[in-house]
Structure formats: structure tokens, C-alpha cells
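**Q** let's see this in three dimensions:
(one chain, ligands or ions: 1)
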Amino acid sequence: MTRSEQLFERAVKRIPGGVNSPVRSYGAIGEAPRFIEKADKCYIYDVDGNRYVDYIDSWGPMILGHNFPEIRENVIKACENGLSFGCATGIEVEIAEFICEHIPHVDMIRMVNSGTEAVMSAIRAARGFTGKDKIIKFAGCYHGHSDCLLVSAGSGVMASGIPDSAGVPKGCTQDTMTATYNDAASVEALLKQEEGNVAAVIVEAVGANMGVVPPKPGFLRRLRELCDEHNCLLIFDEVITGFRLAFGGAAEYFGIRPDLVTYGKIIGAGMPVGAYGGRKEIMDLISPCGPVYQAGTLSGNPVAMAAGFTQLKYLYEHQEIYKDLAAKGEKLYGGLKKIVEEKGLPYQVNYDSSLASIFFTDQEVKDYVSAKTSNLELFAKYFKGMLKRGIHLAPSQFEAMFLSTAHTDEVIDETLEAMRGALGDL
Ligand SMILES: *Cc1c(COP(=O)(O)O)cnc(C)c1O
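**A** Purely as a prediction, here's the structure:
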């Protein structure tokens, strides 16, 4: 038995499924997850001494690669002053000013501890501001695990939500409506049906939680128009795309101005941080200055802020990174697409900049329903083939590959060779 297998055997007895978040499980693969000991640059090392090229990047935060020296040093410095005060600190002001000064659609921002909290709070703010209850989300978009957002069931336009999880009362999801990604008409139909009752439309501007599903040209712009026409707010869930597609996230990348945005992942550089922000007149309603209650004992934690602020400053000051990531994406994902075509395989390679997925289906993947046509057995085989070749991918079809600046051209070439081999073995 490997040490990972031994740890997993102990873990399942005390932690549900042996993991503290289901995405870490190798359930779809049928193996024990690799237990990780350390990581550096584009590599992670498991407890058995195996080294893998890592394309999870902690699900996005490690955009500069693991163990980035400046971030590590500033975190250590912050620790020396104490881990938490539960009182206001200067760095919270600095990071808020920095984000608001450099992201035009963020007038004010509030720090929280996870993406889930960020989205949950943004929805509350949208409802408080508009005085309306209904929200529209897209099937296949993930917005954290708060009750009212655990809805994605049903193809096409559904009038009311069906909870995806046991333990979520119908009452919590009855105001959540589900539209079809890349289909603005499905949103329009819901807005008309519930005219005057919709607080917000929330979207992952690049779908990255049903595998990667980029928006079709015009889709996001149409959402902006529809929200304006029907007097509701547009929320971009930028927990993955924020500071990744561009410094100003998907909003900058696609040139669309949302009313509220949510951040997570990159904003904490690996520490548990989320944030939500946007128009001043909405954010002015948040407690303690307004009636929308939202709080957090550890929000704006000084160690977490030291990590996040260092990463954000670095990204802002080195915006050539975004061109570089897009070029790396073209090399790796474009290269994968070429391999698939050369081999005459019917699979789909979806990508945008540093995010990508391969779907084992002959259908174009443009929404949740088409994403679900992927052959999951082939995915599991492909995953194992890559792992055997030293490449660590997300152990699920419905997650993204994340490139960081630490993935060198040489590593990308190695990865392409591994992809050629793993696809050849299917
Ligand atoms: C990861 C993610 C979340 C949830 O963030 P957590 O920090 O896991 O709570 C929300 N929205 C999107 C788009 C995400 O990718």
C-alpha cells in the first residue's frame, strides 16, 4: 500500500469521503487521492515522493505558481505580528483602495472568507437593493454551496428550482430560476415570465464548473441589455475568472460592466479569502451602514490579506502576465486540439486563455446538457493515463485545467507528449 492509500484508509473513517471538499475525491477515478506534502512552482509532491506537474493550482489561486517567494515572505512577516485581531487593520484599507482604484466597476468592496460567502452575500445585497426575491442562474454554473444556489437541474428554462442537494428545503430554492448557458433567449423568457420580481442574473462569465464552456460572442452583452431592460442587477461570479482572464477579470476581458462582482481563489493567493463589490449605492446598504446584514469573525484576516494583496499587486504591476498566460494556453490547449484532430478523435477541446477542458463527446459543448454528454469512463482512463505520466489534472470531467505563469514552455511540451500518449491509450 502506498502512503496515500494508507492515509486515505484512515481518512474515510473520520472525514466524510476522506476529503474536506468533494472535488478532491478520486471517486470518479476509483482510487485513493494523492495526498500532497508540498508544492513548488508548477509541481506538487505527494507523500510517496512522486512529483507531478500540477494543473489544479489549488483550483486557481496559484496563478503565479506554488510557493511564490514574495507571497511566502509577506505571509511569514504578517504572522510575526499575530494571526488575527478581530479589529480593523491598515492592510484591509490598502487592498480595498487598490482594487477599487484599478477595477472600474468596483466602487466598494467587502472581504469575506470564501467564494461561497462572497456569492451568498452578493445575492443578499442584490435582493436588499432591488427589493425583489427571484434570481436567475445558469444550469451548470457553480456559485458555491449556499442553499439558494444549489440548483442547476433541468435542461432549458425551468420556472422554479429543484434542489440538487438533500437538506436544502424547497423554500430556499423556490426563488432560484435556471436558464441555459449561452442562450440569452432562455433568460429573456424567465424575465418576462417573472416581470418585476427578478433581483439579479448571476453568471460565470466563462463557465468553468461544468468543464470549461466559454461564452458565445454577444451572450454576455445581451445579458447586460436584458438586465437593464428588466431593471435587475447583473452579477459576474468572478471567483475563478477574477484577476485571471485580465486584472479586471472577465468584466475587463469581455468589456461588460456588471453591477456586482464576486471574487475568491486568486484574491487570497491560497489563503481562504473571498470578496464582493460593485456599485456604491448597492454596497452602501451593507451592515453596519445599511440594512443588509453580513459579517465575518475572520474576514479581512491580516495574514490572508498579506498573501492576497501581494499577489494582486504583483499581477497589476506585471500585466504582461495575461498575454503570457494566453500564449501558454494557445500552446497547450491549441496543441491538444491539434492532437485530437490529427488522431481523428471526436472529442471537444474548449478553452479560453489559461482555462480549458477536454470533453469526450462528439457534440459541441456549449452548455450543461452538452457537457453532460461526455463519456466519463473515457475521462477516468485519460486522467489515469496522465497521472501515470506525471501530470496531475482535476479528478473530474466537470472541472477546468488551470495554467500558471510557472508552467514553462518545456513543461507544456512534456504535457503535450503525455496527452498524446494518454489519448493514444484510450
Ligand atoms: C470555487 C467557486 C465558488 C465557491 O468558492 P469557495 O471558496 O469554494 O466557497 C463560487 N463560484 C465559482 C465560480 C467558483 O469557481
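**Q** give me every residue that touches the nearest residue to Met62 once chain neighbours are set aside.
**A** Among residues not flanking Met62 along the chain, Ser404 sits closest, at 5.6 Å (Cβ to Cβ, 6 or more residues apart in numbering). Every C-beta, even on glycine, is put in place using the N, C-alpha and C of the backbone. Listed by Cβ atoms under 8 Å, 6 or more residues apart in numbering, the contact set of Ser404 reads 42, 57, 62-65, 325, 354.
**Q** may I have the secondary structure class of Ser404?
**A** coil (DSSP: H, G, I helix; E, B strand; the rest coil).
**Q** most centrally placed residue in this structure?
**A** Ile240 (3.0 Å; Cα atoms, centre = their mean).
**Q** so it sits against Ala400, correct?
**A** Yes: the pair Ile240 and Ala400 passes the contact test of Cβ atoms under 8 Å, sitting 7.2 Å apart.
**Q** re the thing from before, torsion angles phi and psi at the residue nearest to Met62?
**A** Backbone torsions of Ser404, given as degrees, to the nearest 10, read phi -120, psi 170.
**Q** any idea how far it lies from Ser21?
**A** 20 Å (Cβ to Cβ, to the nearest Å).
**Q** same check, this time on Val12
**A** In terms of Cβ to Cβ, Val12 sits 15 Å off from Ser21.
**Q** of the two, which one has the most company?
**A** Val12 (14 against 9; other Cβ atoms under 10 Å).
**Q** so what's the closest residue to the more buried one other than its chain neighbours up against?
**A** Spatial nearest neighbour of Val12, chain neighbours left out: Gly18 (4.0 Å); criterion: Cβ to Cβ, 6+ apart. Listed by Cβ under 8 Å, 6+ apart, the contact set of Gly18 reads 8, 11-12, 25, 32-33.
**Q** common neighbours of Ile240 and Ala400, please.
**A** 60, 208-209, 355.
**Q** looking at the residues you listed, which are in strands?
**A** Among the shared contacts of Ile240 and Ala400, DSSP state E puts Leu355 in strands.
**Q** among the shared contacts of Ile240 and Ala400, who's most crowded?
**A** Counting by other Cβ under 10 Å, top hit in the shared contacts of Ile240 and Ala400: Ala208 with 30 neighbours.
**Q** near the ligand, which residues of this structure?
**A** 114-116, 119, 142-144, 204, 209, 237, 239-240, 264, 274 (Cβ under 6 Å from any ligand atom).
**Q** before we move on, the earlier item: using the three-state scheme, assign the residue nearest to the centre of the chain.
**A** coil.
**Q** thinking again about what came up before, just send the shared contacts of Ile240 and Ala400 back as a markdown table, with pLDDT too.
**A** Below are those laid out as a markdown table (pLDDT from 0 to 100):
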| residue | pLDDT |
| --- | --- |
| Gly60 | 97 |
| Ala208 | 95 |
| Asn209 | 93 |
| Leu355 | 98 |
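**Q** so whichever residue of the stretch 201-350 of the chain sits closest to the ligand versus Ala118, what's the distance?
**A** Nearest to the ligand, among the residues of the stretch 201-350 of the chain, is Val239, at 3.5 Å (Cβ to the nearest ligand atom). According to Cβ to Cβ, Val239 and Ala118 sit 7 Å apart.
**Q** who touches stretch 300-319?
**A** Outside stretch 300-319, the residues that reach it (Cβ under 8 Å, 6+ apart) are 63-64, 68, 70-71, 74-75, 77-79, 81-85, 89, 91-92, 94-95, 98-99, 102, 111, 113, 243, 246-247, 266-273, 298, 321.
**Q** doesn't Glu364 make contact with Thr373?
**A** No: between Thr373 and Glu364 there is no contact under Cβ under 8 Å: 9.9 Å.
**Q** and the gap between the closest residue in space to Ile339 that isn't next to it in sequence and Leu426?
**A** Computed as Cβ to Cβ, 6+ apart, the closest residue to Ile339 that is not its neighbour in sequence is Arg420, at 5.3 Å. The gap separating Arg420 from Leu426 is 11 Å, by Cβ to Cβ.
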